[in-house]
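# okay, structure incoming, though there's no sequence with it:
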Ligand code: PLP
């Protein structure tokens, strides 16, 4: 097969995913003839309300929750904010302690930073060079005034899966609410909020083939949180504003499909991912795999190439029709190295030379072969124009897991 620039291959499924035709089809009537407001008591309203409740049930089924425990939101960021600020500030509380990690998404880190202004203290638990949070450190960090533990289910950059079940058990034993950002894990890991002792869980439709701008926060019955959006009292008072009905229907359909297809989809993605992870270090000299070798999302491959800039790599791959990313999509546009990669112990230069390839259910072996065909040439071309080389290295520091 020859490299053709007309070919377009999407390997950036952790940034966002395509809305599936089934999802699109389910949503369409709610923009057109079934446009009612679910709070209205006439037939248009009742129709919208019924669709909303069906969608809520599908989301609940995916994570083994009760539909009454699902709060519909505008996405992962809002769900994280509601869980963190809503718990911290319950009944006007203005101080306390929160435990999180150094590799959370900014949608978790920023609300935690914000709460510091009001007197909250935050402990960021470090991770190993493979991105695993130290469970014993979490246990040691717990204080009498700890109001929340928030640890992501799986990381958006390197895909490392955290010991959520153990953390849930610990939090329950200590009587501390436990929130997990499962935005990247949904559809790629079976999640059971009951057996994992999760009190709050964030998810976002566009990461699993639903529409953008809609998500949910699971809030276990009895969990005490304060709303952050005040108004008409929708979503049992926890999230005022007229719900995005078409979006919620799309979220529900995507959740149903994620549950239905999880096993075969994950098997396929894992096989393709493993092929890449084995091949790249053999095909490209001075290349490494970032993150954990096994405890990682099935669709995530994260590489590091010495002596090049990830931004250049992304652009060169884009010329060949391949879409991937360096750092997280949210920080693209800034030249700040990823906080996740720095937390693994990588130097700034090493963090900059990284490539995230995230697979989706529709990627094929042919597409993976195309990447493997194109990548070595692109990397060596970039190295030819790089001021750095094996003879002129970029500086000290290692980290990540060398698989070469
Ligand atoms: N949390 C994680 C782990 C994410 O990867 C993202 C998006 O990249 C978010 C939260 C934010 O989700 P949303 O784009 O739905 O606001």
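Perfect, I can see it now. Being a predicted model, the structure only gives us computed values, none of them experimental.

# would you map the strands across the stretch 101-250 of the chain?
Secondary structure of the stretch 101-250 of the chain (DSSP state E, counting those that start in this stretch): strands at 120-125, 146-150, 178-181, 200-204, 215-219.

# can you tell me what sits against the shortest one?
Going back to what we said before, that points to strand 178-181. 76, 79-80, 83-84, 87, 104-105, 107-108, 148-153, 162, 164, 167-168, 171-172, 197-202 (CB atoms under 8 Å, 6 or more residues apart in numbering). Every C-beta, even on glycine, is put in place using the N, C-alpha and C of the backbone.

# buried ones among these?
Buried by 16 or more other CB atoms under 10 Å: 76, 79-80, 83-84, 87, 104-105, 107-108, 148-153, 162, 164, 167-168, 171, 197-202, out of the contacts of strand 178-181.

# which of the contacts of strand 178-181 fall in helices?
76, 79-80, 83-84, 87, 107-108, 164, 167-168, 171-172 (DSSP state H).

# what about the ligand: which of these touch it?
76, 80, 107 (CB under 6 Å from any ligand atom).

# what's the pLDDT at the last one?
In other words, residue 107. In this model, residue 107 is scored at 98, pLDDT.

# isn't it right next to residue 76, touching?
Yes. Between residue 107 and residue 76 there is a contact at 5.8 Å, judged by CB atoms under 8 Å.

# which residues are in contact with each of the two?
181, 183, 202.

# ok, the second one touching residue 156?
So that's residue 183. Yes. Between residue 183 and residue 156 a contact is recorded at 7.1 Å, counting by CB under 8 Å.

# what touches both of the two?
residue 105.

# for residue 290, what are its contacts?
If you count contacts by CB under 8 Å, 6+ apart, residue 290 has them with 131, 158, 302-304, 341, 344, 346, 354, 400-401.

# what's the closest of those residues to residue 320?
Taking CB to CB as the measure, residue 303 is the one of these closest to residue 320, at 16.1 Å.

# can you tell me the SS state at the nearest residue in space to that closest one that is not next to it in sequence?
Leaving out its chain neighbours, the residue that sits closest to residue 303 by CB to CB, 6 or more residues apart in numbering is residue 355, at 4.7 Å. Classification of residue 355 using DSSP: H, G, I helix; E, B strand; the rest coil returns strand.

# not counting its neighbours along the chain, what's nearest residue 203?
residue 186 (4.9 Å).

# again but with residue 36, I slipped
residue 44 (3.0 Å).

# packing partners for whatever helix or strand that neighbour lives in?
Using DSSP states H and E, the element containing residue 44 is helix 43-63. Contacts defined by 3 or more CB pairs under 8 Å, 6 or more residues apart in numbering; DSSP states H and E place helix 43-63 against strand 70-73, strand 200-204, strand 215-219, helix 245-283.

# reformat these as CSV; add distance to residue 225 and mean pLDDT.
Output for the helices and strands packed on helix 43-63, formatted as CSV (distance: least, CB to CB, whole Å; pLDDT from 0 to 100):
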stretch, distance to residue 225, mean pLDDT
strand 70-73, 9, 98
strand 200-204, 8, 98
strand 215-219, 6, 98
helix 245-283, 20, 98
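
# can you lay out the ones you listed as a markdown table showing distance to the ligand?
Output for those, formatted as a markdown table (distance: least, CB to the nearest ligand atom, whole Å):
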| stretch | distance to the ligand |
| --- | --- |
| strand 70-73 | 9 |
| strand 200-204 | 3 |
| strand 215-219 | 5 |
| helix 245-283 | 11 |
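
# identify whichever of the ones you listed lies nearest to residue 231.
Across the helices and strands packed on helix 43-63, closest to residue 231 is strand 70-73 (CB to CB), at 13.9 Å.
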